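Let me see the structure of the following:
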Amino acid sequence: MLLTPEQRDAVCCDENTLLEACPGSGKTRAIVAKVLRCMDTVRDSPRKIAVITYTNAAVYEIESRLRIYGSTGDLDSCDVSTIHSFCLNNVLRAFSWRCPEYASGFTLLPNDSEEYRKIVAELCAEHALHRNAVDQFPLLNRTPGGEPVLNGGSLITREAAHAFWAKLQQGGFVDFATIIYLTYRLITAYPSLARALSCRYRWILVDEFQDTTELQVEILKRIHDAAESIFFLVGDPHQSIFGFAGARPALSDEFANYIGARRDFQLSQNWRSGPPIIAHAEVLRPRVVAMVSAGEAGECTCGSMAKSVGRTRS
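Down below sits the predicted model:
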């Protein structure tokens, strides 16, 4: 797999790393290359590599590239998932019985299910919420103390959020926010669970790290404290768009400092946008290491290259 010098330097670092990647810089390529490089450290062993992404679409993209560039059986040594699937499959499914409110088990309630919509509709009526509040319930997150994360534009009240989770609990249901919250509670109360995760995963790679929430960072801290995993974190504080759900770019710096991560790696070459767009972007959000237009995009004076250029370098 061809890499730029910037990508290669980051991929070849075997320490905890926080990699800042500008738009169109090939961060997915760097993540896949990192997985392939780390594969030799876990192949033919009980240990694995965890790749945590933000969306299912990113999961499919990374898995498809690993099938193309990897060797037969490499995917067996690599778990690619969202943070919710990671917590659900590694902790909650096996240990929910240790949570008194879910001692008898639970059912994951997707936000597109009829039962979910019914519960939300009832709550909106009971708490006299604005009709658009129904669209905000799937975005609810929780703090380490179990409180809802509500910003100034939230249409959901604290009371309605707690009533929502109470209704789920009564029905034996969990939503995505509760998956993360219960996982945090479990690995905090039972450090052996965090150590088991750390022993299972030699490497933990996290994509879109700028959109990680406080509760997710706390989970990663518990795993790090077991001292058996190495972290490779990729993100861009200039692209954080989930502040309404509790994400804060400052959490990236906090966690990087907590684990003593290398932070001297940057992907500054944008292979997707021409110099005019790059120049405007740098005026609006200047970077410590300035973003530059690279490859064919660097020769384009009209701004944005065709999608095919972006795909070849992403």
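
Tell me where the stretch 51-200 of the chain has helices.
56-69, 83-87, 93-95, 114-126, 158-170, 176-189, 191-200 (DSSP state H, counting those that start in this stretch).

all strands for this structure, in order.
Using DSSP state E, the strands of the chain run over 17-21, 48-53, 78-82, 107-108, 173-174, 201-206, 230-235, 262-267, 269-270, 292-293.

Bridge partners for the nearest residue to residue 23 once chain neighbours are set aside, pull those for me.
Using C-beta to C-beta, 6 or more residues apart in numbering and skipping the chain neighbours, the partner closest in space to residue 23 is residue 270 (5.9 Å). All C-beta atoms are positioned from the backbone trio N, CA, C, and that covers glycine. Taking DSSP bridges as the rule, residue 270 bridges to residue 293.

Could you tell me how many residues sit around residue 194?
24 (other C-beta atoms under 10 Å).

ugh, wrong one, I meant residue 151
Counted with other C-beta under 10 Å, the neighbours of residue 151 add up to 9.

mind checking how far it is from residue 217?
As defined by C-beta to C-beta, to the nearest Å, residue 151 lies at a distance of 18 Å from residue 217.

what's the answer for residue 255, then?
The gap separating residue 255 from residue 217 is 5 Å, by C-beta to C-beta.

neighbour count winner among these two?
Between residue 255 and residue 217, residue 255 has the larger neighbour count (other C-beta under 10 Å), namely 23 against 20.

That one against residue 218, yeah?
No: applying C-beta atoms under 8 Å as the test, residue 255 and residue 218 come out as separate, 9.4 Å apart.

residues in contact with the residue nearest to residue 23?
By C-beta atoms under 8 Å, 6 or more residues apart in numbering, residue 270 lies in contact with 22, 23, 24, 25, 278, 291, 292, 293, 294, 297.

Which of those are buried? Put it as a PyMOL command.
Buried residues within the contacts of residue 270, by 16 or more other C-beta atoms under 10 Å, are selected in PyMOL with:
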select buried, resi 22+23+24+25+278+291+293+294+297
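
that older thread, ok, which of the helices of the stretch 51-200 of the chain comes nearest residue 46?
helix 191-200 (7.7 Å; C-beta to C-beta).

Provide the count of other residues in contact range of residue 148.
Residue 148: 20 neighbours (other C-beta under 10 Å).

got the buried residues for stretch 136-146?
Here stretch 136-146 shows 136, 137, 139, 140, 141, 142 as buried, counting by 16+ other C-beta under 10 Å.

what mean pLDDT does that stretch have?
For stretch 136-146, mean pLDDT rounds to 93.

before we move on, the earlier item: could you dump the helices of the stretch 51-200 of the chain to CSV with distance to residue 212 and mean pLDDT?
Below are the helices of the stretch 51-200 of the chain laid out as CSV (distance: least, C-beta to C-beta, whole Å; pLDDT from 0 to 100):
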stretch, distance to residue 212, mean pLDDT
helix 56-69, 14, 95
helix 83-87, 8, 97
helix 93-95, 22, 97
helix 114-126, 25, 96
helix 158-170, 21, 97
helix 176-189, 11, 97
helix 191-200, 16, 97
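
As CSV, the ones you listed with distance to residue 223 would be great.
Formatted as CSV, the helices of the stretch 51-200 of the chain follow (distance: least, C-beta to C-beta, whole Å):
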stretch, distance to residue 223
helix 56-69, 20
helix 83-87, 10
helix 93-95, 15
helix 114-126, 30
helix 158-170, 25
helix 176-189, 8
helix 191-200, 5
